[in-house]
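> return a 3D structure for these sequence lines:
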Amino acid sequence: MRVVSGTYRGRLLRTLSGAHTRPTTGKVREAVFSSLSEEVAGAVWLDLFSGSGAMGIEALSRGASYCLFADNNQKACAIIQKNLASLGIGKDKARLYRTDAEKACLLMDDYHESIHIAYLDPPYGDESLYSPVIKRLEPLLAATGLLVIEHQRGWLPEVQWCNYLKTRTYGLSAVSFFRKG
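Numbers count the residues shown, from 1 in each chain. Next comes the predicted model:
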């Protein structure tokens, strides 16, 4: 997998092997970032259920000022660290939480900036993972921040504290956009 655009364009990213991970395809990453256009520049990005870290790294490549990554899989965290190191992305640009997404949101209380864009990509087919994390994100997201959720086509996660903007589908995947405020 490669970074699609920006500073790290074309650089190779490592991914986890096996059926337990489902990296966001380059086509979906490109579509998400095209939808976000200039909102990424200078933003604090949150990448939950990070996997390889591709979405957060893509955000940094396109001008995000900082990215918070969270994944509970030890091997995924090792891959994220290797990807960040290979690109020269240090602690001044990124922070990795090695825990589940809900706990990571609780730990982020010590991070003193609001998150401008939160990207949530839990494993498909386990809809129970969405709701608790979405609830924890409300106080972390900036007043007019964006919540972007990748999910299985044909199902829309419920977000009571955000305004629904749109859903785009890509094969079996769908990406829904919500704005706080």
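> tell me which other helices or strands the top helix by length along the chain touches.
Scanning the chain for the helix with the most residues, using DSSP state H, yields helix 74-87. Applying 3 or more CB pairs under 8 Å, 6 or more residues apart in numbering; DSSP states H and E, we find helix 74-87 packed against helix 54-61, strand 94-97. The C-beta positions use only the backbone N, C-alpha and C, and glycine is treated the same way.
> how about that helix: buried residues?
For helix 74-87, a neighbour-count test (16 or more other CB atoms under 10 Å) marks 76, 77, 79, 80, 83, 84, 87 as buried.
> apart from its chain neighbours, what residue comes closest to the fourth one?
Meaning residue 80. Excluding the flanking residues, the one nearest residue 80 by CB to CB, 6 or more residues apart in numbering is residue 53, at 3.9 Å.
> repeat for the second one
In space, and not counting its chain neighbours, residue 77 is closest to residue 98: 4.6 Å by CB to CB, 6+ apart.
> does the one you found touch residue 75 like I think?
No - applying CB atoms under 8 Å as the test, residue 98 and residue 75 come out as separate, 10.8 Å apart.
> on that earlier part again, list the contacts for the residue nearest to residue 80?
By CB atoms under 8 Å, 6 or more residues apart in numbering, the contact set of residue 53 is 13, 47, 69, 79, 80, 83, 84.
> what's the spacing between it and residue 36?
Distance of residue 53 to residue 36, computed by CB to CB, to the nearest Å: 18 Å.
> need the helix or strand of the chain with the lowest average pLDDT.
helix 26-36 (a mean of 88; mean pLDDT, DSSP states H and E).
> could you give the angle of that helix to helix 54-61?
Going by axes from the mean of the first three to the mean of the last three CA atoms, to 10 degrees, helix 26-36 is angled at 50 degrees with respect to helix 54-61.
> buried ones in helix 26-36?
For helix 26-36, burial by neighbour count (16+ other CB under 10 Å) applies to 28, 29, 31, 32, 33, 36.
> after that helix, heading C-terminal, what element do we hit next?
Scanning forward in sequence from helix 26-36 by DSSP states H and E, the next helix or strand is strand 44-48.
> name the residues that touch that following strand?
Residues outside strand 44-48 that contact it (CB under 8 Å, 6+ apart) are 53, 55-56, 59-60, 64-70, 101, 104-105, 108, 113-122, 133, 137, 140.
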